[in-house]
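*Asks:* can't give you the sequence, but here's the structure:
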């Protein structure tokens, strides 16, 4: 019996040049995708903010229909008295998806009966009017000086529940 052996050439690995080409291509793809991913994340945070402010507003309306009174004017980041029965306190106290603290404003300070919104106490994370106007356009008129969502100060933006 004759035994046949298959002789294979030594398998060849990738050269350094081939590996570098793949790394460069992956780097280019990452440079294209990363800004798009960052924009998507910003948009997601804005959408989450709109969703939460609508939930809080609905809860405030339910609170009024059941108690006969609006929630009170609270300190930024501190849930107003009695509101914990209508929302998850952690969702209020942990801050907004776009940074800043949830806040309720009631009374003569801003000339409204009740507003629910965000107070940017930290200048480093404060959002500018252009950013907030994008949010306004998602569920109101896109103008921070009119409509239901308005800018009250450089660091305060509220949805007006009742004028």
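*Replies:* Good, I have the coordinates. Please read all numbers here as calculations on a predicted model, not as lab measurements. Numbers count the residues shown, from 1 in each chain.
*Asks:* any weak-confidence spans in the chain?
*Replies:* Along the chain, the model assigns pLDDT under 70 to residues 1-11, 35-42.
*Asks:* gap between the residue nearest to the spatial centre of it and residue 86?
*Replies:* In the chain, the centroid-proximal residue (Cα atoms, centre = their mean) is residue 45; its distance is 2.3 Å. According to Cβ to Cβ, to the nearest Å, residue 45 stands 24 Å off from residue 86. From N, CA and C alone the C-beta is placed, and that goes for glycine too.
*Asks:* can you map out the strands along the protein?
*Replies:* Taking DSSP state E as the test, the strands found in the chain are 101-107, 112-119, 149-153, 156-162.
*Asks:* can you list the ones you listed in CSV and add mean neighbour count and distance to residue 90?
*Replies:* Listed next are those as CSV, based on neighbours: other Cβ atoms under 10 Å; distance: least, Cβ to Cβ, whole Å:
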stretch, mean neighbour count, distance to residue 90
strand 101-107, 21, 11
strand 112-119, 23, 17
strand 149-153, 19, 24
strand 156-162, 21, 21
